[in-house]
Each structure stands twice: as C-alpha cells, then as structure tokens.
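Undergrad: What shape does this take:
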Amino acid sequence: MSNHASIPTEVERRSEVRPTKALRQILCTLEQQVNWTAQKRQQVEESIRSLVDQFEEPPTSQTSPAIQTLFQPLSASEFFDASPILDELGEAILLLDSSGHIAYANQCVSSVIGTYFVGHDFFTAQHWSRLLAAVDNKHEFLTWVNRIRHPVAGYPALGTVSKMLLRLNSGRTWEVSCRQKAFHNQDTGWLINAKDISLLMAGREAAKYNSYYDPLTGLPNRAQFLETLNLFVKDFDEDGLTVAILCFNLDGFKFVNDSLGHLAGDQLLQRVAQRVAAQLNSDQVLYRLGGDEFAILASHMTDLHDLPRLAGKIEKSFLLPFVVDAKDTFVGSSIGIAVLTEGCQSAADLLQHADLAMYQVKDLGGHGHSYYNEDIRADIKKRYQLRNDLRTAIKQNEFQVYYQPKYDLKTRTLCGAEALLRWYRDGRVFCHPNQFIPEAEKCGLIVPISQLVFAQVAKDIVRWQDQGFMPILTSVNVSACHFQIGDLQEDLLSHVIENGVAPNLIELEITESSFLHDMNRAIEKIRTLQRMGFSISIDDFGTGYSSLGYLKQLPADTIKIDRTFVAEIETSEFDATLVESVIRIAHTQGLKVVAEGAETDASVEILTRFGCDQLQGYWYGKPVPVEVFVKDFLRPASEHAKAK
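TA: Have a look, this model is predicted:
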C-alpha cells in the first residue's frame, strides 16, 4: 500500500462512468428522494438488473433513445452531489486516505471535533489535541485508534468494522465505527462515522434502572436482590463471613388498603422503606420484593447474634405510628430469617427458606421473627400435601357427616344433635378434623366443605321426617371465614329451599372469631339469620377472648360452654364457679346453655345442680355415622306423642 497514493478527483470519477455505475447512481438518487417499500425497491432493482443484463455490450443504433441516454456519461450538471444530504444525516462521516489525510468530512464532524478541510492531516498536533480535549475516555480511545493504525496479523481485515463508544466531556456519547476502505486506485484508507447515541444510552440506563429498582420506594427490587444474592451463593465459603437474609411483610397492610385506599397503602410502603433503611448499616441493604414484602441482605457478618438484634431493631421501629394521609397508622412486621449454608443451591432457595420462616410467624399471630430450619420445611411440605388432599376429598366426596346427640337435663331425653365432619379415604379415617379444618380455613377451602355439610344435613333432616322420626334441632358449625366473607345466607337458603327443610330445625354454631373484629356487623348478620328462621348458638364459649359482656350484646339463642371448663368441673373450684356463673348470667338474658364434654355421672350431676339446660358429651353419646344415630337415638314421632 503506497503512502503517496492520491484520492481520485471529481473529473476522473465523471469520466469513468459506465452503464452499471450510471444505474447505480440512479438507484441511489431514488433511494434518497423516494420513500418506497421493500417490495418497490426489489422491483426497481430487478428492472435495473434486467437492463444491465441486456446491454452488457455498448448500445447499438437500434437501442431506444431513452436507453442510449441512460448509458451516456454524466455531465457536470447531471452529476449527483450527495454532500448536502450527508451533511444533514446527523452522523459524522470522515474519509481518510492511507496517509491519514482527510479526503472527506461532512459538516457534522465540526460539531464534534472542530472544522476540518479536505487534504489536512487528521493526526496533526493541532487537530489531534482538539479532539482529545473533547474526549472523556481518552485512554480507551487512544488504544482503539492505535490498534486501527497499526493492525497486527492483518487485524482488522479489509472490510472489518471496529467500533467503540466515545464519551465526550459534554456528557454526550457517540458510537464511532471505523472500516478500512479500498479506493479504485488500490489505495487503502479508513471510513469513519460517528453518531450521537446519547438519547439511546439514556433510554437504556432508564430501562436498566427500572428493571433493577422499585419505582415506588426507590429501593432495589427483587431482580437485583436475586442477582446479588446469587453471587454470594456462588462464592460461598463455609469458613468465611456469614451471609443472611431477613424477609418481612406488614401485618395489617390489607386493612390499611381497604380502609384508607391504595394511595395511602403506597404512602405506608414508602414510610416503612425509609424507617427500616435508617436502621441498617453499610453491609445491610433493604430491598422491596413486591407488594408489602421486603428483604434485608446482611453480608459480611461476623456474629450470628447480630441477627436477632437486627430483627429486634426492625420490630421496635414498627412500634411508633406511621403518618399516612395525615393519620397515625399502625402495622406490625412478621420476619423470617435464613442463613446461607452449603446446602443452598441458589438465591431462590435461600429466599424460600426465609419466606417459610416468615409465614410461620404469620401463622402464630405475627409481630415477631423466626429462624428457618428443616422442621419448618417439613411442616410446610405436609401442609401443602394436605391442601392437595383436601381438594381431592372435595372432588371425590370423601367427607362424611357424623352426629353427636344432645341431652336435655330436664326431660332426660334426646333434644338435638350436632353435625360433625369426618374424612374417610379407603375405608378408614384419613385425617382428624383438628388438623384439616384449620388448614381448610387458611387456604379458602372451608366454604365448599361447609356447603357439603349444609347439603347433607338438610337431606338427613328431611329423610328423618319422611321416615316418621321425631323432629330435633340439628346444629351445624359455621366457619368464621364463611360467616365474615362468604355468602352464608345465600348458601343456607339455597339448601333449605332445594331440600324443603324448615329453617327452625337448624341451629348455626358460630365461634367468637366470627364477631370479634366487627361486633356491629356480626349482630346484623345474626339477626338476619334469625329472621330467616335459624337458631344461633355461640360455640366454644369461655375460650380465647370470650367475655360475659357478649351475652348482653349478641342476639343469640344458646351458648355452649367449652369442654375445657366442663372437663375439670369436678376438681377445679374455679372452673365450677365459672360454669355456674355463665349459666346464671345466660339465663338472665333468656339464653339456653349447653355444656360440652360431659363424660361422668359426677359432672352431669353438677351441671344439673347448676341449672344447665343441655349437655353434649361421651356420657350420653359419641359422634356416630348417620345410620347408627338413627338406630340408637332417634325415636318415632308417635312415641313422642304418647309420652306427652
């Protein structure tokens, strides 16, 4: 390659025009002046190619004048000058010959590195210093230029494009590309073009920020959390520093959303993020994982005792109110803690561990913290399987309704029964109600299960009547979930109407958790059910937060004293006094009293002396299948009439 090779002049270019070059000029002009589709472009190219194929030889006299004109050399006035268009492209275009002289530079070049003139040496001290003064990443740029000017082992090869990002001191970013260019006279130079991609880079940065940060709180998000945590998992060293995560969500957040609105909920999340972040040191980072769930990544820990102290700081920070919508708002935190160990295969594993520990705190009432251990995983796995089994049981109708008789202490006769659910699979009891009913309530399956019980009880009552048995009041347990958020009234009414059963033969047993949080709403629902004809019994009275004051507020018909008090009535003076007091006060309010768990003659004698109305327990009868209940306890209505 000669260092003294010259760039062809404009006159030389004009004189060397051939038919194919003329066609190429026309095509170039059309492309720049006509906004055509890809299909139109293909049609033009095919037409031109056809013309070129037909006139490989110089045109003859028989050629049409139009074609002859097409193949004539371009005159100076006809020659297409692309410079104005190149100046308006918005890209800097620079053509250097092999000696580094500028063969061409459009006007955009001057906006980047000053004004240049064709023939000047691009690498002169004056021009070069002006360029470097505008560049921020000088070292990277100089390395790139040097590699292009002095290629090794033929790199870059002819036609190969080399690119780099040029950051200017003005804050803008240009993408610069360089390609070796062979001229018609065999000289080889460089074609350099640069375009301003500052807006594109800003968009990419914004997209990157949005993909790694939560827009509401400004905290790093789940994606960044998992990515960062995965690095710690990958580099885990059992003898190194401890890495742990603390996941927590807000106890009572849904209530804030429901009562104050979602905008207030968003404000609360922002206040929580600010307050918790203020409790952390430089090795502890707060993330928002989504919704009301947050996580703290605690790295470089030297003492595991710092974890409960950190959890305690977070819990303490929730004791003060958060000002939301100009109102003091209180929420708590349930915190799950998981420590990175050798058994963790990924960040998702460790996050799951912390989540499991967090939901264990939730199940225990919230407002605390818990460490993950394998017992928690086993318990969660068992509960997950139980939920799947419950869905199968509903689908395959594996539930059976048992009945336990109630005994009237005054008439010494059967006065009613309670419908109790049993789960059978493969001919045996599959799971105890104390296990599956709480889980069904947590996962929302208690409502369809309750509907199965309602339907069966309604059918049994009608069948007993049709068989001529004495009518009795049959009690059905109502889940707090069904009472509070389910369509209890509609469900009951549909089964009553479908089976033709009288509502006054059904008693609904409602636990205190059904009305504890909203007494006024509970009273309204109970009165509606009573107007429909159902009797209402307050079940398990005396447990939890039950209060004698409820007897005055609730429009119930009956209360059932919990078995925990009846079981010790013979030996505990406190239990005996409590039971006697409840019976006396209930009677002053016009309520009947049923005592659960009576199993001995002595306890029955004491309950009789206290004036208890009814009892339900093994002393009189255990829960039994419907066939056994009918055989052993129900009496024909005719016998009842004779007894009167």
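Undergrad: right, and Thr228 touches Leu297 too?
TA: Yes. In this structure Thr228 lies within contact range of Leu297 using Cβ atoms under 8 Å: 6.5 Å. Bear in mind the C-beta positions are built from the backbone N, C-alpha and C, glycine included.
Undergrad: what's the overlap in contacts for those two?
TA: Counting by Cβ atoms under 8 Å, 6 or more residues apart in numbering, the residues touching both Thr228 and Leu297 are Val285.
Undergrad: If you count surrounding residues, which of these two has more?
TA: A direct count of neighbours by other Cβ atoms under 10 Å for Thr228 and Leu297 places Leu297 higher, at 22 against 16.
Undergrad: How about that one: which residues does it bridge to?
TA: Leu297 has these beta-bridge partners by DSSP bridges: Ile245, Val285.
Undergrad: What residues does the closest residue to Ala134 other than its chain neighbours make contact with?
TA: Leaving aside its chain neighbours, Ala134 sits nearest to Leu168 (5.4 Å; criterion: Cβ to Cβ, 6 or more residues apart in numbering). By Cβ under 8 Å, 6+ apart, the contact set of Leu168 is 112, 134-136, 174.
Undergrad: Likewise for Asn137?
TA: Here Asn137 is in contact with 165-167 (Cβ under 8 Å, 6+ apart).
Undergrad: Which ones among those residues lie within strands?
TA: In this view, those that belong to strands under DSSP state E are 165-167.
Undergrad: Could you identify the buried members of the residues you listed?
TA: 166-167 (16 or more other Cβ atoms under 10 Å).
Undergrad: Return the set of buried residues in the longest strand along the chain.
TA: Longest strand of the chain, by residue count under DSSP E: strand 413-425. Neighbour counts over strand 413-425 (16+ other Cβ under 10 Å) mark 414-423 as buried.
Undergrad: right, and the helix or strand after that strand?
TA: Using DSSP states H and E, the next helix or strand after strand 413-425 towards the C-terminus is strand 428-431.
Undergrad: Can you list the strands that that next one pairs with?
TA: strand 413-425 (antiparallel).
Undergrad: Give me the domain ranges for this protein.
TA: 18-70, 83-201, 215-372, 398-643 (automatic domain parsing).
Undergrad: so Tyr424 makes contact with Gln396?
TA: No. Between Tyr424 and Gln396 there is no contact under Cβ under 8 Å: 10.7 Å.
Undergrad: of the contacts of Leu168, the lowest pLDDT goes to which?
TA: Lowest in pLDDT among the contacts of Leu168 is Val112, which has 56.
Undergrad: residue ranges for the strands of the stretch 501-644 of the chain, please.
TA: 506-510, 535-541, 558-561, 592-596, 614-616, 624-625 (DSSP state E, counting those that start in this stretch).
Undergrad: list the contacts for the nearest residue to Phe322 once chain neighbours are set aside?
TA: The spatially closest residue to Phe322, leaving aside those adjacent along the chain, is Arg271, at 4.4 Å (Cβ to Cβ, 6+ apart). Contacts for Arg271 (Cβ under 8 Å, 6+ apart) come out as 322-324.
Undergrad: so how far is Ser259 from Arg271?
TA: 16 Å (Cβ to Cβ, to the nearest Å).
Undergrad: can you list the strands of the stretch 501-644 of the chain in JSON lines and add mean neighbour count and distance to Gln284?
TA: As requested, these are exported to JSON lines (neighbours: other Cβ atoms under 10 Å; distance: least, Cβ to Cβ, whole Å):
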{"stretch": "strand 506-510", "mean neighbour count": "23", "distance to Gln284": "47"}
{"stretch": "strand 535-541", "mean neighbour count": "22", "distance to Gln284": "45"}
{"stretch": "strand 558-561", "mean neighbour count": "26", "distance to Gln284": "51"}
{"stretch": "strand 592-596", "mean neighbour count": "25", "distance to Gln284": "52"}
{"stretch": "strand 614-616", "mean neighbour count": "24", "distance to Gln284": "56"}
{"stretch": "strand 624-625", "mean neighbour count": "16", "distance to Gln284": "59"}
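Undergrad: quick one, which of those is nearest to Thr217?
TA: Relative to Thr217, the nearest member of the strands of the stretch 501-644 of the chain by Cβ to Cβ is strand 506-510, separated by 41.3 Å.
Undergrad: Once you drop chain neighbours, what's closest to Gly597?
TA: Arg563 (2.8 Å).
Undergrad: now the chain, which segments are flagged as low pLDDT?
TA: For the chain, applying pLDDT under 70 flags the ranges 1-89, 110-127, 151-159, 183-186, 238-241, 542-549, 639-644.
Undergrad: what's the single longest helix in it?
TA: helix 374-396 (DSSP state H).
Undergrad: What distance do you get for Thr528 to Asn499?
TA: Distance, Thr528 to Asn499, using Cβ to Cβ: 21 Å.
Undergrad: More neighbours: which of the two?
TA: Here Thr528 and Asn499 are compared on neighbour count by other Cβ under 10 Å; more neighbours surround Asn499, at 17 against 12.
Undergrad: surely the more buried one meets Val457?
TA: No. Contact criterion Cβ under 8 Å: Asn499 and Val457 do not qualify, at 9.2 Å.
Undergrad: how many neighbours does the closest residue to Ile506 other than its chain neighbours have?
TA: In this structure, Ile506 finds its nearest non-sequential neighbour in Phe534, 5.5 Å apart by Cβ to Cβ, 6+ apart. Neighbour count for Phe534, taken as other Cβ under 10 Å: 22.
Undergrad: any idea how far Phe534 is from Leu473?
TA: 10 Å.
Undergrad: Ser346 now?
TA: In terms of Cβ to Cβ, Ser346 sits 58 Å off from Leu473.
Undergrad: quick one, which of those two is more surrounded?
TA: Leu473 (19 against 13).
Undergrad: The closest residue to that one other than its chain neighbours pairs with what?
TA: Using Cβ to Cβ, 6+ apart and skipping residues adjacent in sequence, the residue nearest Leu473 is Gly416, 4.1 Å away. Applying DSSP bridges to Gly416 yields these beta-bridge partners: Lys406, Leu473.
Undergrad: wait, Gly416 sits on Tyr403?
TA: No. Applying Cβ under 8 Å, one finds Gly416 not in contact with Tyr403, separated by 9.7 Å.
Undergrad: so what's in contact with the two at the same time?
TA: Joint contacts of Gly416 and Tyr403 (Cβ under 8 Å, 6+ apart) are Thr474.
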